[in-house]
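S.K.: quick one: sequence and predicted model below, then my questions.
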Amino acid sequence: MKKVKKYVKRPSWDEYFLKVAMLVSERATCPRMHCGCVLVKDKQILSTGYNGSIPGDVHCEDHGCYIVDNHCIRTIHAEMNAILQCSSHGISTQGATAYITNMPCTNCAKSLVTAGIKEIVVFSDYHATQAEEFLSIGGVKITRLPMPGNKIDYDLDSFSSARKFKDSKEKK
Ligand SMILES: [Zn+2]
Ligand SMILES: [Zn+2]
(Lines give C-alpha, C1' and ligand atoms only; values in the text may rest on other atoms or scores of the structure.)
(Ligands and ions follow the chains in the order given, each with its own letter.)
Protein backbone atom coordinates (compact mmCIF):
# COMPACT_ATOMS: atom_id res chain seq x y z
CA MET A 1 0.00 0.00 0.00
CA LYS A 2 1.26 3.43 -0.92
CA LYS A 3 2.09 5.55 2.04
CA VAL A 4 -0.18 8.56 2.19
CA LYS A 5 1.51 11.84 2.90
CA LYS A 6 -0.09 13.43 5.93
CA TYR A 7 0.64 17.11 5.80
CA VAL A 8 -2.08 18.68 7.92
CA LYS A 9 -2.88 18.12 11.56
CA ARG A 10 -6.51 17.09 11.56
CA PRO A 11 -8.39 19.49 13.85
CA SER A 12 -10.34 18.25 16.85
CA TRP A 13 -14.10 18.86 16.82
CA ASP A 14 -13.63 21.86 19.12
CA GLU A 15 -10.88 23.34 16.94
CA TYR A 16 -12.97 22.68 13.82
CA PHE A 17 -16.09 24.48 15.07
CA LEU A 18 -14.07 27.38 16.52
CA LYS A 19 -12.29 27.73 13.20
CA VAL A 20 -15.66 27.82 11.43
CA ALA A 21 -16.74 30.57 13.86
CA MET A 22 -13.59 32.53 12.92
CA LEU A 23 -14.36 32.11 9.23
CA VAL A 24 -17.99 33.20 9.78
CA SER A 25 -16.76 36.34 11.59
CA GLU A 26 -15.12 37.51 8.36
CA ARG A 27 -18.63 38.49 7.20
CA ALA A 28 -19.12 40.88 10.15
CA THR A 29 -19.84 44.48 9.19
CA CYS A 30 -19.10 46.50 12.36
CA PRO A 31 -15.45 47.58 12.57
CA ARG A 32 -15.68 47.81 16.37
CA MET A 33 -16.06 44.05 16.69
CA HIS A 34 -15.88 40.98 14.47
CA CYS A 35 -17.58 38.03 16.10
CA GLY A 36 -18.68 34.64 14.77
CA CYS A 37 -20.96 32.03 16.32
CA VAL A 38 -21.72 28.44 15.33
CA LEU A 39 -24.53 26.47 16.97
CA VAL A 40 -23.74 22.77 17.08
CA LYS A 41 -25.69 19.71 18.16
CA ASP A 42 -24.50 16.12 17.91
CA LYS A 43 -21.40 17.33 16.01
CA GLN A 44 -23.59 18.94 13.36
CA ILE A 45 -23.84 22.65 12.58
CA LEU A 46 -27.39 23.97 13.09
CA SER A 47 -26.65 27.55 12.11
CA THR A 48 -24.02 30.26 11.97
CA GLY A 49 -24.11 33.98 12.76
CA TYR A 50 -21.91 37.06 12.69
CA ASN A 51 -22.55 40.57 13.93
CA GLY A 52 -24.20 42.53 11.17
CA SER A 53 -27.01 44.96 10.34
CA ILE A 54 -30.65 43.95 10.10
CA PRO A 55 -31.92 43.23 6.58
CA GLY A 56 -32.42 46.52 4.73
CA ASP A 57 -30.09 48.60 6.91
CA VAL A 58 -26.73 50.06 5.91
CA HIS A 59 -23.44 48.60 7.12
CA CYS A 60 -21.29 50.23 9.80
CA GLU A 61 -18.19 49.80 7.69
CA ASP A 62 -19.81 51.91 4.91
CA HIS A 63 -21.68 54.51 6.98
CA GLY A 64 -19.93 54.57 10.35
CA CYS A 65 -21.21 53.06 13.55
CA TYR A 66 -24.49 54.02 15.20
CA ILE A 67 -23.26 54.91 18.65
CA VAL A 68 -25.56 55.20 21.66
CA ASP A 69 -24.05 55.27 25.16
CA ASN A 70 -20.65 54.36 23.75
CA HIS A 71 -21.98 51.18 22.08
CA CYS A 72 -22.71 50.55 18.43
CA ILE A 73 -26.38 49.56 18.36
CA ARG A 74 -26.75 48.91 14.62
CA THR A 75 -25.76 45.27 14.49
CA ILE A 76 -27.45 42.14 15.71
CA HIS A 77 -24.79 40.14 17.52
CA ALA A 78 -23.42 36.89 16.15
CA GLU A 79 -25.06 34.73 18.83
CA MET A 80 -28.47 36.32 18.25
CA ASN A 81 -28.16 35.94 14.48
CA ALA A 82 -27.31 32.24 14.89
CA ILE A 83 -30.35 31.73 17.17
CA LEU A 84 -32.61 33.75 14.84
CA GLN A 85 -31.46 31.75 11.82
CA CYS A 86 -32.66 28.62 13.64
CA SER A 87 -35.94 30.28 14.58
CA SER A 88 -36.65 31.38 11.02
CA HIS A 89 -36.06 27.83 9.81
CA GLY A 90 -37.88 26.07 12.64
CA ILE A 91 -34.77 24.36 14.04
CA SER A 92 -34.62 23.63 17.77
CA THR A 93 -31.61 25.03 19.61
CA GLN A 94 -32.41 23.04 22.75
CA GLY A 95 -29.31 21.31 24.12
CA ALA A 96 -26.95 22.80 21.53
CA THR A 97 -23.41 24.09 22.07
CA ALA A 98 -22.43 27.60 20.92
CA TYR A 99 -18.91 27.99 19.53
CA ILE A 100 -18.14 31.71 19.68
CA THR A 101 -15.02 33.74 18.95
CA ASN A 102 -15.57 35.81 22.11
CA MET A 103 -17.43 35.66 25.40
CA PRO A 104 -20.99 36.84 24.74
CA CYS A 105 -22.35 40.18 25.98
CA THR A 106 -24.94 40.23 28.76
CA ASN A 107 -27.95 40.23 26.40
CA CYS A 108 -26.60 37.45 24.21
CA ALA A 109 -25.76 35.38 27.30
CA LYS A 110 -29.37 35.68 28.47
CA SER A 111 -30.63 34.78 25.00
CA LEU A 112 -28.35 31.73 24.79
CA VAL A 113 -29.67 30.50 28.16
CA THR A 114 -33.26 31.00 27.07
CA ALA A 115 -32.65 29.29 23.72
CA GLY A 116 -31.63 26.16 25.63
CA ILE A 117 -27.89 26.30 24.87
CA LYS A 118 -26.08 24.01 27.31
CA GLU A 119 -22.46 24.98 26.71
CA ILE A 120 -20.47 27.80 25.17
CA VAL A 121 -16.94 27.35 23.85
CA VAL A 122 -14.86 30.53 23.39
CA PHE A 123 -11.25 31.52 22.81
CA SER A 124 -11.32 35.14 23.96
CA ASP A 125 -13.02 37.37 26.48
CA TYR A 126 -15.22 40.39 25.92
CA HIS A 127 -15.22 43.60 27.93
CA ALA A 128 -16.68 43.44 31.42
CA THR A 129 -20.27 42.23 31.33
CA GLN A 130 -22.71 40.23 33.45
CA ALA A 131 -22.57 37.37 30.93
CA GLU A 132 -20.89 34.85 33.24
CA GLU A 133 -23.36 35.61 36.01
CA PHE A 134 -26.36 34.88 33.78
CA LEU A 135 -24.74 31.86 32.12
CA SER A 136 -24.09 30.46 35.59
CA ILE A 137 -27.69 31.07 36.69
CA GLY A 138 -28.85 29.33 33.50
CA GLY A 139 -26.57 26.35 34.07
CA VAL A 140 -24.57 26.93 30.89
CA LYS A 141 -21.06 25.46 30.94
CA ILE A 142 -18.30 27.84 29.83
CA THR A 143 -15.28 26.27 28.11
CA ARG A 144 -12.28 28.48 27.31
CA LEU A 145 -9.89 27.03 24.73
CA PRO A 146 -6.83 28.40 22.99
CA MET A 147 -7.49 30.13 19.67
CA PRO A 148 -7.03 27.58 16.89
CA GLY A 149 -4.59 28.37 14.09
CA ASN A 150 -6.13 30.86 11.68
CA LYS A 151 -4.62 29.34 8.56
CA ILE A 152 -6.81 27.24 6.29
CA ASP A 153 -4.86 24.24 5.09
CA TYR A 154 -5.90 23.38 1.58
CA ASP A 155 -3.03 22.55 -0.68
CA LEU A 156 -4.59 21.96 -4.07
CA ASP A 157 -1.24 21.07 -5.64
CA SER A 158 -0.70 18.19 -3.26
CA PHE A 159 -3.90 16.31 -4.14
CA SER A 160 -3.27 13.76 -6.85
CA SER A 161 -6.96 13.63 -7.84
CA ALA A 162 -7.49 17.37 -8.07
CA ARG A 163 -7.02 19.45 -11.19
CA LYS A 164 -6.81 23.21 -11.20
CA PHE A 165 -9.04 25.13 -13.59
CA LYS A 166 -7.09 25.73 -16.76
CA ASP A 167 -7.20 29.52 -16.56
CA SER A 168 -6.94 29.76 -12.79
CA LYS A 169 -4.36 32.13 -11.53
CA GLU A 170 -2.91 31.80 -8.09
CA LYS A 171 -4.63 34.37 -5.86
CA LYS A 172 -2.02 36.09 -3.80
ZN1 LIG B 1 -20.92 49.40 14.30
ZN1 LIG C 1 -24.00 40.09 22.21
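M.R.: That came in fine, so what should we check first? Ligands and ions are numbered 1, 2, ... in the order given.

S.K.: how about the helix or strand of the chain with the lowest mean pLDDT and ligand 1, any contact?
M.R.: Least confident helix or strand, the chain: strand 71-72 with a mean of 91, by mean pLDDT, DSSP states H and E. Yes. For strand 71-72, a contact with ligand 1 is found by CB under 5 Å from the ion, at residue 72. From N, CA and C alone the C-beta is placed, and that goes for glycine too.

S.K.: quick one: strands adjacent to the helix or strand following that strand?
M.R.: The first helix or strand that comes after strand 71-72 along the chain, using DSSP states H and E, is strand 75-76. Partners of strand 75-76 in the sheet, by DSSP bridges, are strand 52-53 (antiparallel).

S.K.: contacts for the partner strand next, please.
M.R.: Contact with strand 52-53 is made by 27-30, 59-60, 74-76, 81, as judged by CB atoms under 8 Å, 6 or more residues apart in numbering.

S.K.: same thing but at 7 Å, please
M.R.: Identification of contacts with strand 52-53 by CB atoms under 7 Å, 6 or more residues apart in numbering yields 27-29, 59, 74-76, 81.

S.K.: how far off centre is that strand?
M.R.: How far strand 52-53 lies from its chain's middle: 14 Å, per CA atoms, centre = their mean, to the nearest Å.

S.K.: who touches the helix or strand just after it?
M.R.: Next helix or strand after strand 52-53 toward the C-terminus (DSSP H and E): helix 60-63. For helix 60-63, the surrounding residues in contact (CB under 7 Å, 6+ apart) are 29-31, 72, 74-75.

S.K.: please, a PyMOL command that selects the buried ones among the residues you listed?
M.R.: Per 16 or more other CB atoms under 10 Å, the buried members of the contacts of helix 60-63 correspond to this PyMOL selection:
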select buried, resi 29+30+72+74+75
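
S.K.: quick one: which of the contacts of helix 60-63 is nearest residue 20?
M.R.: residue 29 (18.7 Å; CB to CB).
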